[in-house]
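Undergrad: Build me a model:
(2 chains)
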Protein chains: 2
Amino acid sequence: MQELKIIKIGGNVINNEKLLSDFLDDFAKLESPKILVHGGGRAASELSVKMGINPKMINGRRITDTDTLEIITMVYGGKINKNIVAQLQARKCNSIGFSGADGNTIVSVKRPVTTIDYGFVGDVVEINTETSRILLDHKISPIFCAITHDENGQLLNTNADTIAAELAIALSKSYKVALYYCFEKNGVLTDITDDDSVVEKINEKIFEDLKREEIINEGMLPKIHNCLQAIKRGVNSVHIGNNAMPFNTNVKCTTFQQ
Amino acid sequence: MQELKIIKIGGNVINNEKLLSDFLDDFAKLESPKILVHGGGRAASELSVKMGINPKMINGRRITDTDTLEIITMVYGGKINKNIVAQLQARKCNSIGFSGADGNTIVSVKRPVTTIDYGFVGDVVEINTETSRILLDHKISPIFCAITHDENGQLLNTNADTIAAELAIALSKSYKVALYYCFEKNGVLTDITDDDSVVEKINEKIFEDLKREEIINEGMLPKIHNCLQAIKRGVNSVHIGNNAMPFNTNVKCTTFQQ
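TA: Predicted coordinates for the structure are as follows:
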C-alpha cells in the first residue's frame, strides 16, 4: 500500500505567522500523499471578544452554544482554513479545504446531554473516505478544520486530535498511514520542564505505568489515548512531537506501538 | 457533451431561511451535474456592525480593506458556505465547499489602483477546472463562495456574478453549460414595477436598443454584460430569473442569445 501522511497542527503553529509559514513550506515539499488537520488557535476567542460574546464554561470546559458554533465555523472553516489553502497554493501544493460536511467525510452525533450540556459538540460516528481518496489520487491534499456534521444539516464542533485519529484509522484500509501530532513540545515528556525528557516509545503497558506513576501531565492523557486507539485500530505509525518531526526522521519524538 | 447547470444565487435567497431551504430542495433533486455559486447577503455587513467595523465606501462603492476581507472570508467561506454544504448533505446531495483558492480553481489579480483603491478585490485571470471536473465525474457538486486568490497566498473578494460567468465559460470546453442567475425578479424587466414585464430574449442588438431607450435599470447593466459575455464565449445557454427558474422550464425568464 502507498504511504499517506496525516499531520495535525495545533494552536502554537496557527497563532504564529512565521511558524505556520515554515510548517507550510515543509508540508508543501512532502512528496507522499498527505492530509493536514488544523485546530483553531486563539482566533476564535479573539473574535468572541470583539463580538462581545463571553465564552460559556461549565466545570472549566468550554460550551459550544449557537454563537460559539457560528464563530468556530467562521474562524476555523473560513479564516484559518481558506488562508492555509491559499498559502499552500502559493507553494504549488494543490489542496482543498474541508470540514466534515464536505464530501460527507465526517459524520458525528451531537454529544448527549448528561450532567453537562456541551452544546453543539459532535462525537464522530462515521468516516467516508471516498472524496479524500479521489483527491489524493490526483495529488490534491485535503485540509481539514475541526468541524463535523450530523447528516441532518447541523454543523458540530469536534476535537481536532480526534478528527485526525479517525481519518487515519479509516484511511488505513487504503493506505499505510503515518499519523503525526505536532505540538509545542518535542514529544511526551517525563519532566515537563526538560524538553529532552522525551518518552521515545509508548505502548499500552508503558502508558499504564506512566499513568500509575503520575509521570505524564494530565492534559496529555486524551492525546495519548487517541494515539493508542489509532495504533490499535490499524494506523501504521503514530507520533507526537514538534513541528519539524513529520519532515525529518532524525528529530526525536514519541512513537506509539501496540 | 454532457449538460452542466451552474446556478448563482444572491442575497435574497441567502438572507431568507425558508427560500434557501426551498432552493436547496430543488438543487439537491437536480439530476444533471451541477455547481452552485453563492453571494454573501446581509451577514457580512451584520458581522461588521457587531465587530464595530464601519464599511468603507468611496463614491458609493464598498472598499475591501484588511478587516473587510477577513469578515468576507469568515462569512462567505465559513458560515454561509459550510452551512449550505451541510444542508445539501442532509438532502443526500454530495457537495464540497470551494473558494477560488481550493483546487487553485480561480486565480485573480488584485485590482490595480487608479483613481479608486478598491483594496483586496480580485479580477479573474485564470480558471482551472480540473478539480471541479473530477468531482462532478463522481457526482459531487462544487459549491463556490465569492472569494478568489492570487497564487501568492492572498485571498481576494470577487463579484459572485463574474465567478459564475467565468466558471461557465471555462467549463464550456468540457460540458454543455446552462448558466442561471437567480435573483428577486422574474427576469430583466422593462417596467421595474411590473413583475410580468419580462424581456424574454436579449442579444447584443436588443441590449443596445434597451440601453439607448434607457429601459433597463442601471444596476442591471453589469449583470447583463456578464450574461452576453458568457454566451459569446461559449456558454450554451444563459438565463436570468427567479429562484424557481433553473428547475422548471415553464417559468418565464430572460434568456440570452448571441
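
Undergrad: Skip the chain neighbours and tell me the closest residue to the closest residue to chain B within the stretch 51-200 of chain A.
TA: Chain B sits closest to A:Gly78 of the stretch 51-200 of chain A, with a gap of 2.5 Å, by C-beta to the nearest C-beta. No exception for glycine: its C-beta is placed from N, CA and C like everyone else's. Closest residue to A:Gly78 apart from its sequence neighbours, by C-beta to C-beta, 6 or more residues apart in numbering or on different chains: B:Gly78 at 2.5 Å.

Undergrad: Can I take it that A:Val113 is in a strand?
TA: No: using DSSP: H, G, I helix; E, B strand; the rest coil, the assignment for A:Val113 is coil, not a strand.

Undergrad: per-residue confidence at it?
TA: Model confidence at A:Val113, given as pLDDT, is 93.

Undergrad: For it, grab the count of nearby residues.
TA: Here the number of neighbours of A:Val113 (other C-beta atoms under 10 Å in any protein chain shown) works out to 9.

Undergrad: Likewise for A:Thr129?
TA: A:Thr129, neighbours per other C-beta under 10 Å, totals 19.

Undergrad: got it, and A:Tyr175?
TA: Using other C-beta under 10 Å, A:Tyr175 has 22 neighbouring residues.

Undergrad: Would you check that the residue of the stretch 51-200 of chain A closest to chain B makes contact with B:Ile71?
TA: No: at 9.3 Å, A:Gly78 does not count as touching B:Ile71 under the criterion of C-beta atoms under 8 Å.

Undergrad: Among those two, which residue is more densely surrounded?
TA: For A:Gly78 versus B:Ile71, neighbours defined as other C-beta under 10 Å are more numerous around A:Gly78 (31 against 28).

Undergrad: Return the residues in contact with that one.
TA: Under the criterion of C-beta atoms under 8 Å, 6 or more residues apart in numbering or on different chains, the contact list for A:Gly78 reads B:Thr73, B:Met74, B:Val75, B:Tyr76, B:Gly77, B:Gly78, B:Lys79, B:Asn81, B:Lys82.

Undergrad: Narrow these to those that are buried.
TA: B:Thr73, B:Met74, B:Val75, B:Tyr76, B:Gly77, B:Gly78, B:Lys79, B:Asn81, B:Lys82 (16 or more other C-beta atoms under 10 Å in any protein chain shown).

Undergrad: Which residue, other than its chain neighbours, is closest to the second one?
TA: Meaning B:Met74. Leaving out its chain neighbours, the residue that sits closest to B:Met74 by C-beta to C-beta, 6+ apart is A:Met74, at 3.6 Å.

Undergrad: do the fourth one as well
TA: Nearest residue to B:Tyr76, sequence neighbours excluded (C-beta to C-beta, 6+ apart): B:Cys145, at 4.1 Å.

Undergrad: Hmm, the one you found is touching B:Ile80, no?
TA: Yes: B:Cys145 is in contact with B:Ile80 according to C-beta under 8 Å; the separation is 6.6 Å.

Undergrad: joint contacts of those two?
TA: With C-beta under 8 Å, 6+ apart, B:Cys145 and B:Ile80 have common neighbours B:His38, B:Gly40.

Undergrad: ok, the two, which is more surrounded?
TA: Shown here are B:Cys145 and B:Ile80; by other C-beta under 10 Å, B:Cys145 has more neighbours (31 against 26).

Undergrad: Distance-wise, check that one relative to B:Ile72.
TA: Distance, B:Cys145 to B:Ile72, using C-beta to C-beta, to the nearest Å: 9 Å.

Undergrad: so what sits against both of these two?
TA: In contact with both B:Cys145 and B:Ile72: B:Gly40, using C-beta under 8 Å, 6+ apart.

Undergrad: My guess is A:Asp26 contacts A:Val251. True?
TA: No: counting by C-beta under 8 Å, A:Asp26 does not reach A:Val251; the two are 11.3 Å apart.

Undergrad: shared neighbours of these two, which are they?
TA: A:Ala244.

Undergrad: Which stretches in chain A count as strands?
TA: For chain A, applying DSSP state E gives strands covering A:3-9, A:34-38, A:56-58, A:61-63, A:95-98, A:106-110, A:122-127, A:141-145, A:147-149, A:155-157, A:176-182, A:201-202, A:237-241, A:254-256.

Undergrad: Let's have those in CSV, adding mean pLDDT.
TA: CSV is the format used below for the strands of chain A (pLDDT from 0 to 100):
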stretch, mean pLDDT
strand A:3-9, 98
strand A:34-38, 98
strand A:56-58, 79
strand A:61-63, 81
strand A:95-98, 98
strand A:106-110, 98
strand A:122-127, 97
strand A:141-145, 98
strand A:147-149, 98
strand A:155-157, 97
strand A:176-182, 98
strand A:201-202, 96
strand A:237-241, 97
strand A:254-256, 97
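
Undergrad: ok now the helix or strand bottoming out on mean pLDDT in chain A, how far from the chain's centre?
TA: Ranked by mean pLDDT, DSSP states H and E, the weakest helix or strand in chain A is strand A:56-58, scoring a mean of 79. Taking the mean of its C-alpha atoms, strand A:56-58 sits 23 Å from the chain's own mean (C-alpha atoms, centre = their mean, to the nearest Å).

Undergrad: you'd agree A:Phe247 is up against A:Ala28?
TA: No: contact criterion C-beta under 8 Å: A:Phe247 and A:Ala28 do not qualify, at 10.6 Å.

Undergrad: Quote the end-to-end distance of stretch A:184-198.
TA: Stretch A:184-198 has an end-to-end distance of 13 Å (criterion: C-alpha to C-alpha, to the nearest Å).

Undergrad: Enumerate the positions of that stretch that are buried.
TA: So stretch A:184-198, judged by 16+ other C-beta under 10 Å, has buried residues A:Lys185, A:Asn186, A:Gly187, A:Val188, A:Leu189, A:Val198.

Undergrad: What of stretch A:46-54?
TA: Applying a neighbour-count criterion of 16+ other C-beta under 10 Å, one finds A:Leu47, A:Ser48, A:Ile53 buried in stretch A:46-54.

Undergrad: which of those lies closest to A:Ile216?
TA: A:Ser48 (31.0 Å; C-beta to C-beta).

Undergrad: and the closest one, what does it touch?
TA: So A:Ser48 contacts A:Asn54, A:Pro55, A:Asp67, A:Thr68, A:Ile71 (C-beta under 8 Å, 6+ apart).

Undergrad: Can you pull the residues of the stretch 101-250 of chain A lying near chain B?
TA: A:101-104, A:130-131, A:134-135, A:138, A:140, A:147, A:149, A:151-155 (C-beta under 8 Å from any C-beta of the partner chain).
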